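K.L.:
Predicted model and sequence follow; I will ask about them next.
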Amino acid sequence: MDISTLFKKILDIFRSAADLILLLRPLTDKEKSDLIELENHLGKDEIRLARKDLKQTKITIIRKNIPYSSLITDKKDCIAIEPRYSEMEEKTAALNGSIDKSIDNMIFKEFKKDAWQRLQKLFAPHIVGFESVKKGAILQLFSKDQFHILLLGDPGTGKTDILRASENLAPVSAFGLGSGTTNTGLTVTVSGNEISKGILSLADNGIALIDELNLMKKEDRAGLYNAMEKGFTTYDKGGHHYKFDARCCVLASANPKKGKFSGESKKEIAEEIPFDSALLSRFHLIYLIREATLKQFMEITEKVFTQKKNRISDNDYRFIKKYIERSKSLDVEFGEEHNEMIKQFILEIKEKEKDMLIDITPRFVIGLKRLIDASARVSMKTKAEKEDVWRAMEVFTLSMKDITFQPSGAPGEH
């Protein structure tokens with residue numbers, strides 16, 4: 001045995017003896033307090049090991065900053081374990097992983113209490129206005145079933161920014177440009193003889209974002225129909241039939257036929273819409289977005305200079321994605337006590353149908369139900385409550401307001 005090996009063995013013996021002696025030392029008041037806090041995050045076996053390592057001064061317990069901004073939580077810091085020796089790094093990393101997971105669960109519980117208000121601050125905070133559109137897009141993120149939204153309006157009004165905001169928050173998403181996306185690109189991607197998923201299938205169980213849908217050729221939009229209605233896409237080549245799941249929500253933007261809306265009446269606006277009724281009817285919410293008037297523009301200018309900017313970190317986005325994933329795993333129960341309120345709402349909407357750009361079909365009723373379920377998931381509820389019904393009706397009412405026109409000849413006609 002060489003001298004270095006002998007020295008190492010002697011050192012190990014001294015360390016073992018020191019460890020045994022340190023096990024007898026009493027914990028300080030701070031260490032006791034820290035261990036009590038750790039019990040909120042770790043299991044009994046993990047606490048037992050942490051206590052032993054703490055007594056033997058192999059670890060220290062510290063405070064670290066919460067990795068999320070005040071948009072997510074009011075908590076500023078949390079507890080963590082720091083190794084004092086390199087051989088403890090792997091062990092403490094595992095314990096800190098358990099602590100972080102537990103803290104996330106605690107913040108989930110805090111966040112869900114006022115999630116609706118917090119999410120509105122987190123969704124595209126750099127865009128002034130668009131409150132009604134943002135509310136619809138937020139609920140779409142929480143829809144477990146297919147729910148489709150179309151932003152139809154003048155260029156330069158922020159439609160693409162809304163799509164990007166959804167992309168940032170959605171756990172699963174795929175983005176495509178109508179100007180460069182053919183039917184093949186939507187349904188599948190073809191590279192030689194290799195067939196792989198297209199935009200709609202890549203967004204399965206998530207959101208497919210299609211910007212400038214109006215620039216896509218009419219024949220190339222055919223792939224949208226099955227995906228939006230049935231939740232799958234198909235492709236045939238060389239005697240082979242391909243089928244991919246595409247159970248996605250679609251959030252699309254489009255400009256009018258002449259680039260900018262010029263009409264005011266229902267008839268004039270209808271003539272400027274670049275889609276046929278077959279495609280329009282597949283969208284549950286349609287927002288008609290016009291260029292701001294001078295008064296609206298000055299109000300936006302005022303808000304730009306006075307509104308407090310919300311800084312969203314990558315960790316904030318990570319938290320929201322995890323929150324949405326967990327929320328979407330919940331099945332929502334719908335109580336019959338809300339039926340009469342919903343029937344009355346649908347009746348009122350149906351009575352105004354002749355003044356709208358779209359027909360009110362059973363798809364509208366299905367969309368309303370899905371929006372109510374999504375609202376419940378925002379607060380991680382397993383049963384829809386009255387506030388969820390009101391919220392869904394508000395979102396639908398705001399979108400319907402955009403596409404409802406005064407009867408011909410009535411005072412104040414658009």
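P.N.:
Right, received. Where do you want to start?

K.L.:
Could you give the separation of the longest helix belonging to the chain from the chain centroid?
P.N.:
Taking DSSP state H as the assignment, the helix of the chain that covers the most residues is helix 89-111. Centroid separation for helix 89-111 versus its chain: 22 Å, with CA atoms, centre = their mean, to the nearest Å.

K.L.:
Show me which residues of it are buried.
P.N.:
Buried residues in helix 89-111, counting neighbours by 16 or more other CB atoms under 10 Å, are found at K91, T92, L95, N96, I99, S102, I103, D104, I107, F108, F111. In this view, the C-beta of every residue, glycine as well, is placed from N, C-alpha and C.

K.L.:
Now those residues in TSV, please, with extra columns for distance to Q344 and pLDDT.
P.N.:
Shown next, in TSV, are the buried residues of helix 89-111 (distance: CB to CB, whole Å; pLDDT from 0 to 100):
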residue	distance to Q344	pLDDT
K91	62	89
T92	60	92
L95	56	92
N96	54	94
I99	50	94
S102	45	94
I103	45	94
D104	41	93
I107	39	95
F108	35	95
F111	33	96
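
K.L.:
Let me have these in TSV, extended by distance to G231.
P.N.:
Listed next are those as TSV, based on distance: CB to CB, whole Å:
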residue	distance to G231
K91	46
T92	45
L95	42
N96	40
I99	40
S102	36
I103	36
D104	31
I107	33
F108	29
F111	30
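
K.L.:
after the helix-or-strand element of the chain with minimal mean pLDDT comes which helix or strand?
P.N.:
Here the helix or strand of the chain ranked lowest by mean pLDDT, DSSP states H and E is helix 3-22, holding a mean of 56. Proceeding N to C from helix 3-22, the next assigned helix or strand is helix 29-38, under DSSP states H and E.

K.L.:
what's the average pLDDT for that next one?
P.N.:
For helix 29-38, the mean pLDDT works out to 90.

K.L.:
Please name every helix or strand in contact with the helix or strand just after that helix.
P.N.:
As assigned by DSSP H and E, the chain's next helix or strand after helix 29-38 is helix 44-55. Contact analysis of helix 44-55 by 3 or more CB pairs under 8 Å, 6 or more residues apart in numbering; DSSP states H and E lists helix 29-38, strand 59-65, helix 89-111 as its packing neighbours.

K.L.:
For E31, see how far away the closest residue to G156 other than its chain neighbours is.
P.N.:
Once flanking residues are discounted, G156 sits nearest to E291: 7.4 Å by CB to CB, 6 or more residues apart in numbering. Here the criterion is CB to CB, to the nearest Å. By it, E291 lies 64 Å from E31.

K.L.:
and what of T60?
P.N.:
From T60 to E31 the distance is 9 Å (CB to CB).

K.L.:
what's the answer for R311, then?
P.N.:
Going from R311 to E31 by CB to CB gives 36 Å.

K.L.:
Also E39?
P.N.:
Counting by CB to CB - E39 and E31 are separated by 13 Å.

K.L.:
Touching, M216 and G178? I think so.
P.N.:
Yes - between M216 and G178 there is a contact under CB atoms under 8 Å: 4.1 Å.

K.L.:
shared neighbours of these two, anything?
P.N.:
I210 (CB atoms under 8 Å, 6 or more residues apart in numbering).

K.L.:
quick one: which of the helices and strands packed on helix 44-55 is nearest D236?
P.N.:
Closest to D236 of the helices and strands packed on helix 44-55 is helix 89-111 (CB to CB; 45.0 Å).

K.L.:
Just the buried residues of whichever helix or strand comes after that closest one, please?
P.N.:
Moving toward the C-terminus from helix 89-111, the next helix or strand (DSSP H and E) is helix 115-122. The neighbour-count check on helix 115-122 (16+ other CB under 10 Å) flags A115, W116, R118, L119, L122 as buried.

K.L.:
got it, and stretch 164-179?
P.N.:
Going by neighbour count (16+ other CB under 10 Å), the buried part of stretch 164-179 is 164-178.

K.L.:
Stretch 356-369 now?
P.N.:
Of the residues in stretch 356-369, M356, L357, I358, I360, R363, F364, G367, L368, K369 count as buried by neighbour count, 16+ other CB under 10 Å.

K.L.:
Closest to L280 out of those residues?
P.N.:
Nearest to L280 among those, counting by CB to CB, is I358 at 5.7 Å.

K.L.:
tell me the secondary structure for that closest one?
P.N.:
coil (DSSP: H, G, I helix; E, B strand; the rest coil).

K.L.:
Quick check: phi and psi at it.
P.N.:
phi -130, psi 160 (degrees, to the nearest 10).

K.L.:
okay but it is in contact with S281, surely?
P.N.:
Yes - if you go by CB under 8 Å, I358 and S281 touch, sitting 6.6 Å apart.

K.L.:
one step back: may I see the buried residues of helix 115-122 arranged in JSON lines, with distance to Q56 and pLDDT as well?
P.N.:
Below are the buried residues of helix 115-122 laid out as JSON lines (distance: CB to CB, whole Å; pLDDT from 0 to 100):
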{"residue": "A115", "distance to Q56": "43", "pLDDT": "96"}
{"residue": "W116", "distance to Q56": "48", "pLDDT": "97"}
{"residue": "R118", "distance to Q56": "43", "pLDDT": "95"}
{"residue": "L119", "distance to Q56": "46", "pLDDT": "96"}
{"residue": "L122", "distance to Q56": "44", "pLDDT": "93"}
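
K.L.:
what's the closest of the residues you listed to F405?
P.N.:
So of these, ranked by how close each gets to F405 (CB to CB), first place is W116, at 30.6 Å.

K.L.:
distance of that closest one from K381?
P.N.:
11 Å.
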